[in-house]
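Asks: Pasting a predicted model and its sequence here:
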Amino acid sequence: MLKENIVIQETEILTGLIARELVAVFGKSENEANELIEKFEVKNNLIKNPILLHDSPNHWALALLTNNNDVEAIEKYLN
């Protein structure tokens, strides 16, 4: 039970950091960032596979943008 609570807490922290990364680095609005996180079920994936908590918020943000085919945001980041 304690381990599950820690995973849930860490998931909340990481999803917040991913959203912040999407806003600060990739120019998304908070709403857009949260929609991406929900669309690709990031919280569920992290809870099911806690090893993914080790990936950086930047890595997650890039993965979400890639999966969403958001070439424009990725190009802005790379240039």
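Replies: Nice, thanks for sending it over. Numbering: from 1, shown residues only.
Asks: and stretch 48-55, how far apart are its ends?
Replies: 15 Å (Cα to Cα, to the nearest Å).
Asks: Make 627 the starting number, not 1.
Replies: Okay, using 627 as the starting number, the last item reads as stretch 674-681.
Asks: which outside residues touch it?
Replies: Residues outside stretch 674-681 that contact it (Cβ atoms under 8 Å, 6 or more residues apart in numbering): 633, 636-637, 640, 671-672. (Glycine included, C-beta is placed from N, CA and C.)
Asks: And the lengthiest helix in the chain, how far out from the chain middle?
Replies: Looking across the chain with DSSP state H, the single longest helix is helix 628-650. Relative to its parent chain, helix 628-650 has a centroid offset of 8 Å by Cα atoms, centre = their mean, to the nearest Å.
Asks: which is the next helix or strand following it?
Replies: Next helix or strand after helix 628-650 toward the C-terminus (DSSP states H and E): helix 656-665.
Asks: residues of that next one that come out buried?
Replies: Residues 658-660, 662-663 are the ones in helix 656-665 that count as buried (16 or more other Cβ atoms under 10 Å).
Asks: Could you export those residues as TSV, including pLDDT and distance to His685?
Replies: Formatted as TSV, these follow (pLDDT from 0 to 100; distance: Cβ to Cβ, whole Å):
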residue	pLDDT	distance to His685
Glu658	98	19
Ala659	98	15
Asn660	98	18
Leu662	98	14
Ile663	99	14
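Asks: any idea which of these is closest to Ile700?
Replies: Taking Cβ to Cβ as the measure, Leu662 is the one of these closest to Ile700, at 12.8 Å.
Asks: So that closest one sits against Leu688, correct?
Replies: No - counting by Cβ atoms under 8 Å, Leu662 stays clear of Leu688, with 11.4 Å between them.
Asks: about what we covered before: any residues touching the longest helix of the chain, and which ones?
Replies: Taking Cβ under 8 Å, 6+ apart as the rule, helix 628-650 contacts 654-656, 658-660, 662-663, 668-669, 672-673, 676, 679, 683-684, 686-687, 690-691.
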